[in-house]
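Asks: compute the structure for the input listed below.
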Amino acid sequence: MEENIVTKTQLARELKVSAPMVTKYVRLRILDKCFVPDTMYKKLYLDKCLEAISRYKTRGDSHLRKEPPPKKHKTNKEVEKLIEKSTSKTVKKSEDMYTDKNLEELKEFLADIDSPKQKVDAIDVFWRGRINKIKHDQLKRELIPLDEAKYIIEKILSPINRHLDDLPSAIMSRFPNVDPLMLEWLSLENDRAKGKLGDIK
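Replies: Predicted coordinates:
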């Protein structure tokens, strides 16, 4: 468990209560200020939860003790309108993101959230998560396997190395009177150049 950060299940174990009791605390809005940002309301700060529940138990505030009336769940049409309104134009134009599968997953997630503001925040977090996943997948597709990269480099360097090897002989055949020391120097320079090209691999 991350230090001071828990899931609802872990919080129940810390409090030695059942998971439904934690759900009740959430429904009563006792833990509203305890959620960790950008975790889609799945993780909470343990210390804040303990303080909030302690206040709830000791103060005995009537507005906290009394359970709110059951909330009318939004219909699919209402949820779809909220998603449509809260989703950016960039996301809507993306064929990779604004898919039936992603929309269904988003609707299922929103079904567990009551607060309209939390729903809007959750929609934003959901799409940002999908954007990051697509960027990560694109980056993986753009990377070339090491063996393939080495093969490509070999194919590029092979004709260059052959040209460097043949260069002294080509000069001698075209310029018969060239100084042999110059040809020897050229061979040494070629070897040095090939060494540097080899470092690329």
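
Asks: so which residues of the protein form helices?
Replies: Secondary structure of the chain by DSSP state H: the helices cover 8-15, 19-27, 46-59, 62-65, 76-86, 89-93, 100-110, 116-142, 146-174, 180-200.

Asks: got TSV for those helices, with mean neighbour count, distance to residue 38 and mean pLDDT too?
Replies: Where you see a C-beta, it was placed from the backbone N, CA and C, and this is true even at glycine. Compiled in TSV, these are given as follows (neighbours: other Cβ atoms under 10 Å; distance: least, Cβ to Cβ, whole Å; pLDDT from 0 to 100):
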stretch	mean neighbour count	distance to residue 38	mean pLDDT
helix 8-15	16	17	90
helix 19-27	16	18	87
helix 46-59	14	16	87
helix 62-65	10	27	46
helix 76-86	13	16	87
helix 89-93	12	17	88
helix 100-110	13	14	87
helix 116-142	14	6	84
helix 146-174	12	35	77
helix 180-200	12	42	73
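
Asks: how about those in TSV, adding distance to residue 33?
Replies: Putting the helices of the chain into TSV (distance: least, Cβ to Cβ, whole Å) gives the following:
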stretch	distance to residue 33
helix 8-15	14
helix 19-27	12
helix 46-59	6
helix 62-65	13
helix 76-86	22
helix 89-93	29
helix 100-110	21
helix 116-142	12
helix 146-174	49
helix 180-200	57
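
Asks: out of these, flag the one nearest residue 40.
Replies: helix 116-142 (5.4 Å; Cβ to Cβ).

Asks: so how far is that closest one off the chain centroid?
Replies: Counting by Cα atoms, centre = their mean, to the nearest Å, helix 116-142 is centred 7 Å from the centre of its parent chain.

Asks: same thing with stretch 135-148?
Replies: Stretch 135-148 sits 15 Å away from the centroid of its parent chain (Cα atoms, centre = their mean).

Asks: ok, stretch 164-182 next?
Replies: Averaged over its C-alpha atoms, stretch 164-182 has a centre that lies 58 Å from its chain's centre (Cα atoms, centre = their mean).

Asks: just the C-alpha atoms of it, please, in PDB.
Replies: Extracted C-alpha coordinates of stretch 164-182, given in PDB (Å, rounded to 0.1, in the frame of the first residue of the first chain):
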ATOM      1  CA  LEU A 164      37.000   2.900 -49.000                       C
ATOM      2  CA  ASP A 165      38.700  -0.500 -49.600                       C
ATOM      3  CA  ASP A 166      38.800   0.000 -53.400                       C
ATOM      4  CA  LEU A 167      39.900   3.600 -53.300                       C
ATOM      5  CA  PRO A 168      43.700   3.200 -53.200                       C
ATOM      6  CA  SER A 169      43.700   0.700 -56.100                       C
ATOM      7  CA  ALA A 170      41.400   3.000 -58.100                       C
ATOM      8  CA  ILE A 171      43.800   5.900 -57.500                       C
ATOM      9  CA  MET A 172      46.800   3.800 -58.500                       C
ATOM     10  CA  SER A 173      45.200   2.600 -61.800                       C
ATOM     11  CA  ARG A 174      44.200   6.200 -62.700                       C
ATOM     12  CA  PHE A 175      47.400   7.900 -61.500                       C
ATOM     13  CA  PRO A 176      50.300   5.400 -62.000                       C
ATOM     14  CA  ASN A 177      52.900   7.900 -60.800                       C
ATOM     15  CA  VAL A 178      51.300   8.600 -57.500                       C
ATOM     16  CA  ASP A 179      53.600   8.400 -54.500                       C
ATOM     17  CA  PRO A 180      53.300   5.000 -52.800                       C
ATOM     18  CA  LEU A 181      53.500   6.800 -49.400                       C
ATOM     19  CA  MET A 182      50.400   8.700 -50.200                       C
END
